[in-house]
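Undergrad: Next comes the sequence, and after it the predicted model I'd like to discuss.
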Amino acid sequence: MNIFHQAFDLHKQLKLTEAQELYEIFLDNNHNHSDALHLLGLIYYSQNQHIKAIELIQKAISIKPHEIYYNSLGNVLKAQNNLDEALKMYETALVKNPDYAEASYNLANLLQEKNRLDEAMEMYAKSLLLNPNNETAFYNLGIILHAQNRYNEAILMYKKALAINPNYIDVYVNFGITLNAQNRVDEALLMYEKALFINSNNREAQWNKSFTLLLKGDLTEGFKLYEWRYSTAQKRNFVQPLWLNDTSLNGKTILIHTDQGYGDTIQFCRYIEFFSKFNCNIIFEVEKPLLPLLSQIQGAIQFIEKGEKLPEFDFHCPLMTLPLAFKTDIRSIPAKKSYLSAKRNKVQEWSDRLGFTCKPKIGIVWSGNPSHNNDHNRTIELAQILQYLPEGFEYISLQKEIRETDKDTLQNSKIRYFGDELHDFSDTAALCENMDFVISVDTSIAHLCAALGKETYVLLPFSPDWRWLLDRDDSPWYPTMRLIRQKEIGKWDFPFEEILTILGNIRGKAYL
């Protein structure tokens, strides 16, 4: 057996160090052996030595432009995040061999990563014709179909993946997510349980199970599992112990730190007042845009901007863990009519800025954070909502950021916009206080308005965020909030008609 075959045998046994040594010895005397160059390049690739891997595989291609080499080069370039060049390599491999299943699959993955979803679906379908037992291709098709709200088709793909591999945990998790998007919550829980039967420590299954339990109103179990929300990279590791209301705080200092979005911080900062019954010092770490607003919370609280150096403390607790620490269930939610307030001088400044009108002032919020994973379902185009805003009211945008697709529509609309003057949430709160009521999609502004005690109507997608629960038009978290839900996935007809009815009733009362 020559040195190359010895190296290849070691390579197949995953004895990569020994294989590498023999490949290099062999290449000392066989500089243009393309297979040895390619295989040695793959070893360097496995060691994350991408530049060396590219050099070797490119040399192999210069000697023999084989489709397998192009596919491998595509993999290395993708690992470097050089996606455009990687795509060219996969396409070249398929030009050389249109029936190369692995290159078809790799190209589909890359197209999916580049959000070219229709092309990715076509390429996955092609790869499955060549290799019908590729469960991951079915799984990825399911993910794309879910993103397009084609939930029943996504479920069919997940079932096909599980028929090939019944122990595919990620499929069970995403199957559950898709069922949850249809409000089939009990079936979703069953999928998460199947995933957890295979691996009880699967974070995604535990975390998504928490969403579904919370959505069903099982806050006790839901908040327990919500502690799985942290990935290893996200979790903040303090030397000080986590406080779960199981240790006395008498004479101690506790750090409460925010760990989710602005809306979550506004919703759960209500728990800070619970510490007034303890003889303790409170440090509340808050993001800069929220600091001027939340610093008005009453009590002996030291506010720290997130990212600044922390003072000494004895215990810590994430803000979103406080419902668990205080054993919150559906009956014990601390729901005051208002628990935040705007600065009086700012409220007056905005009153002067808006001027007098006999028309009711309505605050409008139609889009949220584009990076939110459900933004495409909860955001509404401004042009779509404008036709449902009748005369007889003064409409005021409470949004700071306006999407490019809405800018022209806003400029030509009857909605007044002051986004450039909203420097932080204290400005937005003061503007909100001047509204008679608010109509909002599910955003941090909806939380803010309800926390201020404003009459707030929230337009919800068919499958809402867990905090809004199911099948109710009120919120146990906010007494002044009314929930208006889609009756069908993706269709806003019913919520808009409800808003028209509400506005008609208000306008009728205004003219009495």
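TA: That came in fine, so what should we check first? Numbers count the residues shown, from 1 in each chain.
Undergrad: And for stretch 264-277, what's in contact with it?
TA: Residues from elsewhere that reach stretch 264-277, judged by Cβ atoms under 8 Å, 6 or more residues apart in numbering: 249, 254, 256, 258, 282, 284, 286-287, 290, 294, 297-299, 301, 319-320, 322-323, 326, 334, 336, 339-340, 425, 444, 447-448, 451, 467, 477. For every residue, glycine as well, the C-beta is placed using N, CA and C.
Undergrad: Ignore what I typed, I meant stretch 205-214.
TA: For stretch 205-214, the surrounding residues in contact (Cβ under 8 Å, 6+ apart) are 169, 172-173, 176-177, 180, 185, 188-189, 192-193, 195-196, 199, 221-226, 228-229, 466-467.
Undergrad: Identify the residues contacting stretch 402-415?
TA: Residues contacting stretch 402-415 (Cβ under 8 Å, 6+ apart): 364, 366-367, 370, 381-383, 386, 389, 395-397, 417, 419.
Undergrad: Please identify the buried residues of that stretch?
TA: I402, D406, T409, L410, S413, I415 (16 or more other Cβ atoms under 10 Å).
Undergrad: Now find how far off-centre stretch 237-244 is within its chain.
TA: Put simply, stretch 237-244 sits 26 Å off its chain's centre (Cα atoms, centre = their mean, to the nearest Å).
Undergrad: What's the end-to-end length of that stretch?
TA: With Cα to Cα, to the nearest Å applied, stretch 237-244 spans 16 Å between its terminal residues.
Undergrad: tell me which element the spatially most central residue of the chain falls in.
TA: Nearest residue to the geometric centre of the chain (Cα atoms, centre = their mean): N373, 3.6 Å. Using DSSP states H and E, N373 falls within no helix or strand.
Undergrad: what two of the buried residues of stretch 402-415 are the furthest from one another?
TA: I402 and S413 (11.2 Å; Cβ to Cβ).
Undergrad: List buried residues within the contacts of stretch 264-277.
TA: Among the contacts of stretch 264-277, those buried by neighbour count (16+ other Cβ under 10 Å) are 249, 254, 256, 258, 282, 284, 286-287, 290, 294, 297, 301, 319-320, 322-323, 339-340, 425, 444, 447-448, 451, 467, 477.
Undergrad: Check which element follows the lengthiest strand in the chain along the chain.
TA: Ranked by residue count under DSSP state E, the longest strand found in the chain is strand 478-485. Next along the chain after strand 478-485, taking DSSP H and E as the criterion, comes helix 493-510.
Undergrad: helices and strands around that following helix, which ones?
TA: strand 456-460, strand 478-485 (3 or more Cβ pairs under 8 Å, 6 or more residues apart in numbering; DSSP states H and E).
Undergrad: Kindly check the end-to-end length of stretch 209-224 for me.
TA: OK, stretch 209-224 end separation, Cα to Cα: 11 Å.
Undergrad: Okay, buried residues for it please.
TA: Within stretch 209-224, the residues scored as buried using 16+ other Cβ under 10 Å are 209-216, 218-220, 222-223.
Undergrad: ditto for stretch 221-234
TA: Going by neighbour count (16+ other Cβ under 10 Å), the buried part of stretch 221-234 is G222, F223, L225, Y226, E227, W228, R229.
Undergrad: same check, this time on stretch 342-350
TA: A342, K343, K346, V347, E349, W350.
Undergrad: need those in CSV with secondary structure, pLDDT and distance to N115, can you?
TA: What follows is these, written out as CSV (DSSP: H, G, I helix; E, B strand; the rest coil; pLDDT from 0 to 100; distance: Cβ to Cβ, whole Å):
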residue, secondary structure, pLDDT, distance to N115
A342, coil, 94, 40
K343, coil, 93, 42
K346, helix, 95, 41
V347, helix, 96, 43
E349, helix, 95, 43
W350, helix, 96, 40
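Undergrad: Any regions of this protein where pLDDT drops low?
TA: 1, 232-233, 507-512 (pLDDT under 70).
Undergrad: Filter the buried ones among the contacts of stretch 264-277 down to the ones in strands?
TA: Within the buried ones among the contacts of stretch 264-277, residues falling in strands by DSSP E are I254, I256, I282, F284, V286, I301.
Undergrad: between those residues, which is nearest L73?
TA: Using Cβ to Cβ, V286 is the member of these that lies nearest L73, at 48.4 Å.
Undergrad: if I read this right, F8 contacts L39, doesn't it?
TA: Yes - counting by Cβ atoms under 8 Å, F8 touches L39, with 6.8 Å between them.
Undergrad: shared neighbours of these two, which are they?
TA: A19.
Undergrad: export the buried residues of stretch 221-234 to CSV and tack on distance to K159 and secondary structure?
TA: Conversion of these to CSV gives the following (distance: Cβ to Cβ, whole Å; DSSP: H, G, I helix; E, B strand; the rest coil):
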residue, distance to K159, secondary structure
G222, 27, helix
F223, 32, helix
L225, 26, helix
Y226, 29, helix
E227, 31, helix
W228, 26, helix
R229, 28, helix
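Undergrad: now those residues as JSON lines including distance to S46?
TA: Formatted as JSON lines, the buried residues of stretch 221-234 follow (distance: Cβ to Cβ, whole Å):
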{"residue": "G222", "distance to S46": "42"}
{"residue": "F223", "distance to S46": "42"}
{"residue": "L225", "distance to S46": "36"}
{"residue": "Y226", "distance to S46": "37"}
{"residue": "E227", "distance to S46": "35"}
{"residue": "W228", "distance to S46": "31"}
{"residue": "R229", "distance to S46": "33"}
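Undergrad: Let me know the helix or strand that the nearest residue to I177 once chain neighbours are set aside is in.
TA: In space, and not counting its chain neighbours, I177 is closest to N208: 5.9 Å by Cβ to Cβ, 6 or more residues apart in numbering. Assigned by DSSP H and E, N208 belongs to helix 203-216.
Undergrad: Specify the residue ranges that define each domain of this protein.
TA: Structural domains annotated on the chain: 3-165, 253-325, 344-510, as defined by automatic domain parsing.
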